[in-house]
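Trainee: Here's my sequence, what's the structure:
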Amino acid sequence: MSAQSEGNYAEALQNCYEAMRLEIDPYDRSYILYNIGFIHTSNGEHTKALEYYFRALERNSFLPQAFNNMAVICRTTIKIKN
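Mentor: Sure, this is the predicted structure:
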């Protein structure tokens, strides 16, 4: 998480992918997938971010932060007429 907090998203993604390779618990993997989604969100890669948030929720449906981030992406990328 240090690389992510320092804004080094490429390194943070590599760390997350390595963690996914090593982690076998679906619940713990959900948080790794969430973090990958968050990194993609930070990079403005909304389609990729949504994919990873969905994958996280498949493993753990109790991630309100994933639902929130998905809603924010949808709200900011879809023009809603009033």
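
Trainee: List the residues that contact residue 52.
Mentor: Residue 52 makes contacts with 33, 34, 36, 37, 40, as judged by C-beta atoms under 8 Å, 6 or more residues apart in numbering. Where C-beta positions appear, they are placed from N, C-alpha and C, glycine not excepted.

Trainee: What is the neighbour count of residue 35?
Mentor: When neighbours are defined as other C-beta atoms under 10 Å, residue 35 has 20 of them.

Trainee: I'd say it and residue 13 touch.
Mentor: No. With contacts counted by C-beta atoms under 8 Å, residue 35 stays clear of residue 13, the gap being 9.2 Å.

Trainee: re the thing from before, closest one to residue 76 out of the contacts of residue 52, please.
Mentor: residue 40 (14.1 Å; C-beta to C-beta).

Trainee: in which helix or strand would I find the closest one?
Mentor: helix 26-42 (DSSP states H and E).

Trainee: residues of that helix that come out buried?
Mentor: 29-41 (16 or more other C-beta atoms under 10 Å).

Trainee: In contact with the residue nearest the centre of the chain, which residues?
Mentor: Centroid-nearest residue in the chain, with C-alpha atoms, centre = their mean: residue 37, separated by 1.7 Å. By C-beta under 8 Å, 6+ apart, residue 37 lies in contact with 48, 49, 50, 51, 52, 53, 55, 56, 66, 69.

Trainee: Narrow those to those in strands?
Mentor: In strands, judged by DSSP state E, none of the contacts of residue 37 are found.

Trainee: Output these as JSON lines; include the columns pLDDT and distance to residue 24.
Mentor: Shown next, in JSON lines, are the contacts of residue 37 (pLDDT from 0 to 100; distance: C-beta to C-beta, whole Å):
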{"residue": "48", "pLDDT": "97", "distance to residue 24": "24"}
{"residue": "49", "pLDDT": "97", "distance to residue 24": "24"}
{"residue": "50", "pLDDT": "97", "distance to residue 24": "25"}
{"residue": "51", "pLDDT": "97", "distance to residue 24": "21"}
{"residue": "52", "pLDDT": "98", "distance to residue 24": "18"}
{"residue": "53", "pLDDT": "98", "distance to residue 24": "21"}
{"residue": "55", "pLDDT": "97", "distance to residue 24": "16"}
{"residue": "56", "pLDDT": "97", "distance to residue 24": "16"}
{"residue": "66", "pLDDT": "97", "distance to residue 24": "21"}
{"residue": "69", "pLDDT": "96", "distance to residue 24": "25"}
